[in-house]
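> can't give you the sequence, but here's the structure:
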């Protein structure tokens, strides 16, 4: 059994993604159902994204303001990370 100490939990609109937040440390954990390639059985994927991925999830679920997002995005190093974040948000916002 795994136990997580979190301050917020959000279920995505499609009810497939569960986002667990710990606002004390501004951290995020993403839990999604997947099919294991080897066993072909369903299981949960648990990710603790960082960098641009972390910013994406914090912004998606409204855990940071636009100003906080901009400030954090400036800190993300490397043009590749910034471009990846931009493309992901652009795709999400065009839905």
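The structure has been received and is ready for your questions. Predicted, not measured: the structure shown is a model, and the values here were computed from it.
> Please work out the average pLDDT along the lengthiest helix in the chain.
Taking DSSP state H as the criterion, the chain has its longest helix at helix 79-93. For helix 79-93, mean pLDDT rounds to 82.
> Equivalent analysis for stretch 55-72, please.
Here the average pLDDT along stretch 55-72 is 85.
> what do you get for stretch 5-24?
83.
> can you list contacts of that stretch?
Here stretch 5-24 makes contact (Cβ atoms under 8 Å, 6 or more residues apart in numbering) with 4, 27, 28, 29, 30, 31, 32, 33, 57, 58, 61, 63. To be clear about C-beta, it is placed using only N, CA and C from the backbone, and glycine gets the same treatment.
> mind listing what the residue positioned nearest the centre of the chain touches?
Centroid check for the chain by Cα atoms, centre = their mean gives residue 57 as the closest residue, at 3.1 Å. For residue 57, the contact set (Cβ under 8 Å, 6+ apart) comprises 19, 28, 30, 49, 63.
> For these, give me a markdown table that also has secondary structure, neighbour count and distance to residue 39.
What follows is the contacts of residue 57, written out as a markdown table (DSSP: H, G, I helix; E, B strand; the rest coil; neighbours: other Cβ atoms under 10 Å; distance: Cβ to Cβ, whole Å):
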| residue | secondary structure | neighbour count | distance to residue 39 |
| --- | --- | --- | --- |
| 19 | strand | 20 | 26 |
| 28 | strand | 26 | 28 |
| 30 | strand | 18 | 22 |
| 49 | coil | 15 | 25 |
| 63 | coil | 17 | 34 |
